[in-house]
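[1] sequence and predicted structure are below.
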Amino acid sequence: METRKKRIGFVIGNYHTDHPSRLVYTIWELLRDEDVELQVFLGTESASFMKDFVMRSNLFDYQYASLCGYSEYEKLDVLIVSAGTLSIYQNEIPLEEFLRHTPNIPTILMETDHVHGDGISLIADNRQGLASCVEHLITVHGMRRIGFVSGPKNNRDAEERFAGYMDMLRKYEIPFREEYVAQGDYSEHVDESVEQLLDRAPELEAIVSANDEMAVSIYRVLARRNLVVGKDIAVTGFDDMLMARYMDPPLTTARQDYDAFSHAAVDSALKMLRGEKAFSKRIPVPFIRRCSCGCEKAPDLEEQPMSPGQEELLKNMKRSREYQLNSWIGSLLNREMLLEVDDPKQFFTSLGSFMAYLGTPASYLCLFEHPLMVKRGTIPDFPEKIFVCMRQRGQEYEGYDWDEAPVLYRNNPSEATPYGAMASGMTFLLFDEEYQYGVLNAMIEPDKIDFCYMLSLDIGTSLRYMDLWAQQKRYRAELQALARTDALTGLNNRAGVIHERAQMIGRRSRRAGVILADLDHLKQINDRFGHQAGDMALKAAADILREVVREAGAGSFQPGQGNDTNAESFQPHPENGGARVQENDKNAEGAPRQILGRFGGDEFISYCVDMTSEQIAAQLTRIRELCDRFNESSDLPYYVEISAGFAVGKVRRIEDWEKLVERADAQLYEAKKTRREFVVRGRQP
């Protein structure tokens, strides 16, 4: 038996910005040749770069706060959590709440000095790094009116960087001015905050940004105001993102050593897997002098060469054709899936075929039985199980109906993943507005992340549409059932019988039969005992007729069994109104069918196809037997008896049915001549 590889989980948010994406690439590269598997849980928020568009969907990025919880469904041995990136859009949720939903395994927390359980923390020396930028502006350029664009609230990195700013003001006895500080969110779309800062303090000599992403926004705002960076106003950043050296002018910043950071995380994780002791670390942050601060000559610090992961990221930035083609196909897939919302198995199979087309080594779709409604500021209570609705490996793929889908359990003791020993993969959250459906897991390289993120948004929308469509279908079926059902007996009413009769007509003539039945002497019962007693007699007659049809064993069309019924959410369950009996061949020759309904007053009717005259005649005999049995055991003051007649023949059109009804009615008239004269027990008029 093949030994399971050790598995490392990596939870990270805000992937679309430079810092998280570089962490993913670098850690991925470092673990590529190790004998372990890496599962990345990606927070791919869009709100930061969609601020200029009025899109309601951006308001629901808080769903990514749930990512940690999905790690409980995986068989992980060590978990790495990028705490700083997770808190960017979920500021109202404390870190402890995130961690409460992680598995009880060794955990490495990045970008924080918080330690969880027996784990460790890794954090950059943010305070020292930011302080070096401010000190350079003060000591080298003689500046004292220095503004600051902060990171998000309740973010440990941001708090330390602001502390570094304050340290230098105190050290050089510069008064702190509140109007010199603007609130940012670590994205490159903080233009409004920068505009307000410059409006409040046009005298600023420099702006220190808590990260490089926001420095891009600062450059943009200054250009609109015809202010030259490095001449009219100095700008510094933090992180040393890949594009910092190529900005105009190149950005002075403090360097996050991603190699050192990622090596520390990977080395610590591997030590934990070996049962060795790992220790918390604070990573140094060197100052990088370029020209945006006002320095005119070339930097005196030689630029560090890019790592293989960084080089690959730059290459990916120049690739567009493959992404464009896949995006087109992904959009077409979404349209195709929307056409298949009434067939979950085909819906999920289509996704599997697309993942195979993309050349994905393996993938699987995990969905909750019912979508979770997640409100802002909360993390849902995850169900004990999640369903694997699609599995794909290479060119093999399979979609499942809900009642046949494999199941994963929280803190699953099983050693097996949905496709056996699945290698390293990425996990994408599936949601639409406040509704959360599950995740898509895909074994992909980091260069496929952007496209799979877009695909995950489409899938979330399709699942929401499937959910709404199923609900509408269920409600419509319920209304139709009410409209076609006799409220007293629960049988088809006249409209229901006519509707179902039309479904029994095929392209060729079929052997058919009609039974007409009357409850004997309903007027006597009503006049003597009241209409409530008459209703009881009608119900008893309906039960007898229903039992006769059931005993015949023919596929029976009854209210609530039509095509238009579906179960709750997007899960069709036969017990809640699924497909009709033998639905797939309902017009096939030789497949008996029979429907039953109350046609009005004391009249009942049954239509059948592919039944012999002997079978129908036997039903009339059985009606009399069941009436006798009922009356023998009944303590009612009246008899419940039914007169019936039948006719058989070939039908292909409505007119053929009507002719059979006329013949059955004639036979019923003859049967009534032999019925009991009085139904009141022990009394003659």
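    Right, received. Where do you want to start?

[2] now do the helices in the stretch 351-500 of the chain.
    Remark: helices assigned in the stretch 351-500 of the chain by DSSP state H, counting those that start in this stretch are 449-483, 494-503.

[3] touching, K672 and I642? I think so.
    No. Because the distance of 10.6 Å does not satisfy C-beta atoms under 8 Å, K672 is recorded as not touching I642. (Each C-beta comes from the backbone N, C-alpha and C, glycine too.)

[4] those two: who's more crowded?
    For the pair K672 and I642, the greater number of neighbours falls to I642 (22 against 13), based on other C-beta atoms under 10 Å.

[5] residues contacting the more buried one?
    I642 makes contact with 517-520, 541, 544-545, 604, 623-624, 627, according to C-beta atoms under 8 Å, 6 or more residues apart in numbering.

[6] who does it form a beta bridge with?
    For I642, the beta-bridge partners under DSSP bridges are L519.

[7] I'd like the next helix or strand past the helix or strand that contains F162.
    Assigned by DSSP states H and E, F162 belongs to helix 156-171. Reading on from helix 156-171 to the C-terminus, the next helix or strand found by DSSP H and E is strand 181-182.

[8] touching that next one from outside, list them.
    147-150, 190, 193-194, 196-197.

[9] for stretch 271-286, same thing?
    Contacts for stretch 271-286 (C-beta under 8 Å, 6+ apart): 6, 8, 36, 77-78, 106, 108, 113, 115, 120-126, 128-129, 132, 238, 254-257, 260-261, 264, 267-269, 301.

[10] got the contacts of I642 as JSON lines, with neighbour count, secondary structure and pLDDT columns?
    Listed next are the contacts of I642 as JSON lines, based on neighbours: other C-beta atoms under 10 Å; DSSP: H, G, I helix; E, B strand; the rest coil; pLDDT from 0 to 100:
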{"residue": "A517", "neighbour count": "28", "secondary structure": "strand", "pLDDT": "95"}
{"residue": "D518", "neighbour count": "22", "secondary structure": "strand", "pLDDT": "94"}
{"residue": "L519", "neighbour count": "25", "secondary structure": "strand", "pLDDT": "94"}
{"residue": "D520", "neighbour count": "24", "secondary structure": "coil", "pLDDT": "93"}
{"residue": "A541", "neighbour count": "26", "secondary structure": "helix", "pLDDT": "95"}
{"residue": "I544", "neighbour count": "23", "secondary structure": "helix", "pLDDT": "95"}
{"residue": "L545", "neighbour count": "27", "secondary structure": "helix", "pLDDT": "95"}
{"residue": "F604", "neighbour count": "29", "secondary structure": "strand", "pLDDT": "95"}
{"residue": "I623", "neighbour count": "22", "secondary structure": "helix", "pLDDT": "95"}
{"residue": "R624", "neighbour count": "14", "secondary structure": "helix", "pLDDT": "94"}
{"residue": "C627", "neighbour count": "20", "secondary structure": "helix", "pLDDT": "95"}
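
[11] which residues sit against stretch 226-234?
    Judged by C-beta under 8 Å, 6+ apart, the contacts made with stretch 226-234 from elsewhere in the structure are 137, 141, 143, 204-207, 218-219, 222, 235, 248-249, 252, 291-295.

[12] one step back: what's the least confident stretch among the helices of the stretch 351-500 of the chain?
    Lowest mean pLDDT of these: helix 449-483, a mean of 79.

[13] and the chain, what are its domains?
    Each structural domain of the chain that the record assigns through automatic domain parsing is listed here as a residue range: 6-124+316-473, 126-256, 484-672.

[14] now the ones you listed as JSON lines including distance to P284?
    Shown next, in JSON lines, are those (distance: least, C-beta to C-beta, whole Å):
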{"stretch": "domain 6-124+316-473", "distance to P284": "8"}
{"stretch": "domain 126-256", "distance to P284": "8"}
{"stretch": "domain 484-672", "distance to P284": "52"}
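
[15] for the chain, longest strand please?
    In the chain, assigned by DSSP state E, the strand with the most residues is strand 362-373.

[16] counting by contacts, list what it packs against.
    Contact partners of strand 362-373 among helices and strands, from 3 or more C-beta pairs under 8 Å, 6 or more residues apart in numbering; DSSP states H and E: helix 344-357, strand 385-393, strand 425-432, strand 435-442, helix 449-483.

[17] go again with 7 Å.
    helix 344-357, strand 385-393, strand 435-442 (3 or more C-beta pairs under 7 Å, 6 or more residues apart in numbering; DSSP states H and E).

[18] packing partners for the host helix or strand of L596?
    Remark: L596 resides in strand 593-600, with elements defined by DSSP H and E. Other helices and strands packing on strand 593-600, by 3+ C-beta pairs under 7 Å, 6+ apart, are helix 494-503, helix 531-552, strand 555-557, strand 603-609.

[19] out of those, deepest packed?
    Most buried of the helices and strands packed on strand 593-600 by mean neighbour count (mean count of other C-beta atoms under 10 Å) is strand 603-609; its value is a mean of 24.

[20] and that one, which strands flank it?
    When sheet partners are counted by DSSP bridges, strand 603-609 sits next to strand 510-519 (antiparallel), strand 593-600 (antiparallel).

[21] which residues does that strand contact?
    Under the criterion C-beta atoms under 7 Å, 6 or more residues apart in numbering, residues 497, 501, 504, 510-518, 545, 549, 554, 592-599, 616, 657 lie in contact with strand 603-609.

[22] ditto for stretch 102-116
    Stretch 102-116 has contacts (C-beta under 7 Å, 6+ apart) with 68, 71-72, 76-84, 95, 99, 117-123, 156-157, 265, 268-269, 272, 280, 411.

[23] before we move on, what about stretch 154-166?
    When contacts are defined by C-beta under 7 Å, 6+ apart, stretch 154-166 is touched by residues 84, 87-88, 91, 111-113, 126-131, 134, 148, 150-152, 176, 208, 210, 238.

[24] what's the answer for stretch 134-146, then?
    Judged by C-beta under 7 Å, 6+ apart, the contacts made with stretch 134-146 from elsewhere in the structure are 164-165, 168, 172, 174, 203-206, 208, 234, 236, 287, 289, 293-294.

[25] report the two of these separated the most.
    Using C-beta to C-beta, the pair of the contacts of stretch 134-146 lying farthest apart is E203 and F287, separated by 25.7 Å.

[26] and these two? Which one has more around it.
    Between E203 and F287, F287 has the larger neighbour count (other C-beta under 10 Å), namely 19 against 9.

[27] element containing the nearest residue in space to the more buried one that is not next to it in sequence?
    Among residues not flanking F287 along the chain, S132 sits closest, at 3.9 Å (C-beta to C-beta, 6 or more residues apart in numbering). Using DSSP H and E, S132 maps to helix 126-139.

[28] pull out the buried positions in that helix.
    The neighbour-count check on helix 126-139 (16 or more other C-beta atoms under 10 Å) flags 126-138 as buried.

[29] what's downstream of it, the next helix or strand?
    Using DSSP H and E, the next helix or strand after helix 126-139 towards the C-terminus is strand 146-149.

[30] ok, that following strand: who's next to it in the sheet?
    Based on DSSP bridges, the strands next to strand 146-149 in the sheet, each with its direction, are strand 181-182 (parallel), strand 206-209 (parallel).
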